[in-house]
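Undergrad: Here's my sequence, what's the structure:
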Amino acid sequence: MSRLAVPPAFRGRCVARFLIHEVEARARREGRSRVRLSVRLALKDHHDGYARLGCLFVAYGTHEGFASPTFLVLEKPL
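TA: Numbers count the residues shown, from 1 in each chain. As a prediction, this is how the structure comes out:
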């Protein structure tokens, strides 16, 4: 899973949580032991939400053209 976006009209309805659970289910069916995702540093409220879902910090990442980190890499063991 790389990015996840929910249109404003659907936010607050657990759509993101449902989509993440679906990604996890598919990863399990494929025999994977974890899922990995990236989240922008600026979206601090998202960091907490992913942590509540069991995602753990793995590394910082930097988008092309930037000198310092712009996103976190998170992982969730399955």
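Undergrad: Any buried residues in the helix or strand hosting residue 39, and which?
TA: When secondary structure is defined using DSSP states H and E, the element that contains residue 39 is strand 34-40. Residues of strand 34-40 classed as buried by neighbour count (16 or more other Cβ atoms under 10 Å): 35, 37-39. The C-beta positions use only the backbone N, C-alpha and C, and glycine is treated the same way.
Undergrad: Kindly provide the whole-number mean pLDDT of the following helix or strand past that strand.
TA: Towards the C-terminus, the helix or strand next in line after strand 34-40, according to DSSP H and E, is helix 44-52. Model confidence over helix 44-52 averages 91 on the pLDDT scale.
Undergrad: Now for this protein, the helix or strand with the poorest mean pLDDT.
TA: Across the helices and strands of the chain, the lowest-confidence element by mean pLDDT, DSSP states H and E is helix 44-52, at a mean of 91.
Undergrad: ok, back up a step: out of the buried residues of strand 34-40, flag the one nearest to residue 24.
TA: Ranking these by separation from residue 24, with Cβ to Cβ as the measure, puts residue 35 on top at 5.8 Å.
Undergrad: Do a quick rundown of the helices in this protein.
TA: Counting by DSSP state H, one finds helices in the chain at the ranges 15-29, 44-52.
Undergrad: got CSV for these, with distance to residue 76 and mean neighbour count too?
TA: As requested, those are exported to CSV (distance: least, Cβ to Cβ, whole Å; neighbours: other Cβ atoms under 10 Å):
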stretch, distance to residue 76, mean neighbour count
helix 15-29, 7, 14
helix 44-52, 8, 13
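Undergrad: out of the ones you listed, nearest to residue 77?
TA: For the helices of the chain, the distance to residue 77 is smallest for helix 15-29, at 10.3 Å, taking Cβ to Cβ.
Undergrad: so what's the spatially most central residue of the chain bridging to?
TA: The residue at the geometric middle of the chain, judged as the C-alpha nearest the mean C-alpha position with Cα atoms, centre = their mean, is residue 37 (4.0 Å). Residue 37 has the following beta-bridge partners by DSSP bridges: residue 74.
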